[in-house]
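In: quick one, structure for this:
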Amino acid sequence: AHCVEPSPPSFRRVQQQIRDRASPAARQRITTYNVAAGASSGGTVPFTTSGGTGDHAGGHDMWAMTEAAAPGGTAKVIDVPAAALDDLVPAGEGVFLAKIDTQGFEPEILRGWERALSSRRVRHVLVEYWPRGIDLLGGTPGQCAAVHMLESLVQAGYTLYALSVISHPKAPINQYNRIFIGERYSARPLNNFRENCKWYFDLEKDFPSETYKMGYWTDILAVAEDNSQQNLIGVTDVGKAL
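Out: Predicted coordinates for the structure are as follows:
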């Protein structure tokens, strides 16, 4: 198992949890890295950290969805060493499942793992798909740059499954609005990446808010094409192929 955590306080917490919860045999199989996974190795990545779940690459204000850092608070921006996953994970090693949840930095991480993905050594990739966050970190507001991430996975030979729509609890509609969200699912385009991305922005326009700007997102499960769906354990009714 490989665990990549850029935030120093979160990295220390992960190491402590491994010491406290993992068996000696399991600890021998876990490798941790206090780096930021990115498109290439070398150099650094600016990283906003407070040791919480909202830590993210860049110095942006993710609540206000602006390039300027959030005023006040305990978070600070530090420079974290960068490394491509192709350089961290040994070339001959297969990966059953990779989970990537980096607040909009996912395209950069996948670019740094092209060799492994193109050879489909990674069997399953569970990646956060947040169109607004990806546009903010990429400097492409409203352009649906997240589409390129999905296209790259398909070109590498993966089938994509869209999971539940997610939002912050303070969103005008959120995961607790079960009936409404179920109705919106039927209108979510699954046969066109750009229309699918636009759907998330349209959801914001349909339910505007003066205070909530983070938008909506989901997780995408990418499955290597030669790994049949029958081999997956626990396929849910929510998962739908894109």
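In: when you work out contacts or count neighbours from here on, use the C-alpha atoms and nothing else.
Out: Fine.
In: you'd agree residue 66 is up against residue 133?
Out: No - using Cα atoms under 8 Å, residue 66 makes no contact with residue 133, being 10.1 Å away.
In: the more surrounded of the two?
Out: Legend: neighbour count by other Cα atoms under 10 Å for residue 66 and residue 133, higher for residue 133 (26 against 15).
In: can you show me the helices along this structure?
Out: Applying DSSP state H to the chain gives helices spanning 8-21, 24-28, 85-88, 106-111, 114-118, 131-138, 146-155, 178-185, 193-206.
In: closest to residue 55 out of those helices?
Out: Set against residue 55 and scored by Cα to Cα, these come closest in helix 8-21, at 9.2 Å.
In: check which residues of the closest one are buried.
Out: 8, 10-11, 14, 18 (16 or more other Cα atoms under 10 Å).
In: okay, now the unreliable bits of this structure?
Out: 175-185, 227-242 (pLDDT under 70).
In: list the buried residues in stretch 39-58.
Out: Using 16+ other Cα under 10 Å as the test for burial, stretch 39-58 gives 39-41, 44-51, 55-58.
In: can you show me the CA trace of it as PDB?
Out: In PDB, the C-alpha atoms belonging to stretch 39-58 read as follows (Å, rounded to 0.1, in the frame of the first residue of the first chain):
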ATOM      1  CA  ALA A  39       2.400  15.900 -13.000                       C
ATOM      2  CA  SER A  40       6.200  15.600 -12.500                       C
ATOM      3  CA  SER A  41       8.900  15.000  -9.900                       C
ATOM      4  CA  GLY A  42      11.200  17.700  -8.600                       C
ATOM      5  CA  GLY A  43      10.300  21.200  -7.500                       C
ATOM      6  CA  THR A  44       7.600  22.100  -5.100                       C
ATOM      7  CA  VAL A  45       3.800  22.600  -5.000                       C
ATOM      8  CA  PRO A  46       2.200  25.500  -3.000                       C
ATOM      9  CA  PHE A  47      -0.100  23.800  -0.500                       C
ATOM     10  CA  THR A  48      -2.700  25.300   1.900                       C
ATOM     11  CA  THR A  49      -2.700  23.400   5.200                       C
ATOM     12  CA  SER A  50      -4.300  23.500   8.600                       C
ATOM     13  CA  GLY A  51      -4.200  19.800   9.100                       C
ATOM     14  CA  GLY A  52      -7.900  19.400   8.300                       C
ATOM     15  CA  THR A  53      -9.900  17.800   5.500                       C
ATOM     16  CA  GLY A  54     -10.000  21.100   3.500                       C
ATOM     17  CA  ASP A  55      -6.200  21.200   2.900                       C
ATOM     18  CA  HIS A  56      -5.500  21.600  -0.800                       C
ATOM     19  CA  ALA A  57      -2.900  22.500  -3.500                       C
ATOM     20  CA  GLY A  58      -2.500  26.100  -4.200                       C
END
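In: give me the residues contacting it.
Out: 6-10, 36, 59-60, 74-84, 87, 102-103, 105, 108-113, 137 (Cα atoms under 8 Å, 6 or more residues apart in numbering).
In: from those residues, which land in strands?
Out: 36, 76-83 (DSSP state E).
In: ok, back up a step: what's the closest of the buried residues of stretch 39-58 to residue 191?
Out: Using Cα to Cα, the buried residues of stretch 39-58 come closest to residue 191 at residue 39, 28.0 Å.
In: not counting its neighbours along the chain, what's nearest that closest one?
Out: residue 112 (3.9 Å; Cα to Cα, 6 or more residues apart in numbering).
In: likewise residue 115?
Out: residue 86 (6.5 Å).
In: likewise for residue 41?
Out: Among residues not flanking residue 41 along the chain, residue 83 sits closest, at 3.8 Å (Cα to Cα, 6+ apart).
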